[in-house]
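>>> Sequence and computational prediction follow.
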Amino acid sequence: METLDAIKTRRSIREFSGKTVSNEALEQILEAGRWAPSGMNNQPWRFIVVSDKKTKNIVAKQTHYDDIINSASYAIAVFYDADSGYDRTKDVLSIGACIQNMLLAAHSLGLGACWLGEILKNRENIAQLLGAPACYELMAVIALGQSTENPQGDRKEMNELVYKWI
């Protein structure tokens, strides 16, 4: 899949078929995240991959979107490792790039994924439930699975987004 096509056709998938995602595909998606840019190459992201149904259900109870997590093959908790950081703003932006790489990789493999942010209201609970070290701060949970939907999307016109071109 061409990069620009992947960017323009990727959508947040919220319904999954329940079919298993291969370990190879999961590893490719994590690998894509690993190669995201980061300031001073500090790579401040850390992952906890949840596939166990009981654990996914416990994590899912921390959000209004529990059906998304419960129907996914995996829930990937993405953390900021404060001990590896050097500038919080730059590090958080890097983690956003990491997550985007993972979403695009999933899409390019024919899988669906959804970046869940509402769950952050319970970030401390999630970290504790998953046994994350104290220096880890939850940035997002990515639900990953075989998609059952093909949502359409639109974007604002460019003239609504570019304030000034000098």
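Yep, it's here.

>>> From now on I want contacts and neighbour counts done on CA atoms only, so please keep to that.
Will do.

>>> Now do the SS call for the residue nearest the centre of the chain.
Closest to where the C-alpha atoms of the chain average out (CA atoms, centre = their mean) is Ile142, at 3.5 Å. At Ile142 the chain is in strand, as set by DSSP: H, G, I helix; E, B strand; the rest coil.

>>> ok, now which ones touch it?
Tyr74, Ala75, Ile76, Ala77, Val78, Ala113, Cys114, Trp115, Leu116 (CA atoms under 8 Å, 6 or more residues apart in numbering).

>>> so can I have JSON lines of these showing distance to Glu15, neighbour count and pLDDT?
Putting the contacts of Ile142 into JSON lines (distance: CA to CA, whole Å; neighbours: other CA atoms under 10 Å; pLDDT from 0 to 100) gives the following:
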{"residue": "Tyr74", "distance to Glu15": "13", "neighbour count": "23", "pLDDT": "98"}
{"residue": "Ala75", "distance to Glu15": "13", "neighbour count": "30", "pLDDT": "98"}
{"residue": "Ile76", "distance to Glu15": "16", "neighbour count": "22", "pLDDT": "98"}
{"residue": "Ala77", "distance to Glu15": "18", "neighbour count": "23", "pLDDT": "98"}
{"residue": "Val78", "distance to Glu15": "20", "neighbour count": "24", "pLDDT": "98"}
{"residue": "Ala113", "distance to Glu15": "9", "neighbour count": "28", "pLDDT": "98"}
{"residue": "Cys114", "distance to Glu15": "9", "neighbour count": "22", "pLDDT": "98"}
{"residue": "Trp115", "distance to Glu15": "13", "neighbour count": "21", "pLDDT": "98"}
{"residue": "Leu116", "distance to Glu15": "13", "neighbour count": "20", "pLDDT": "98"}
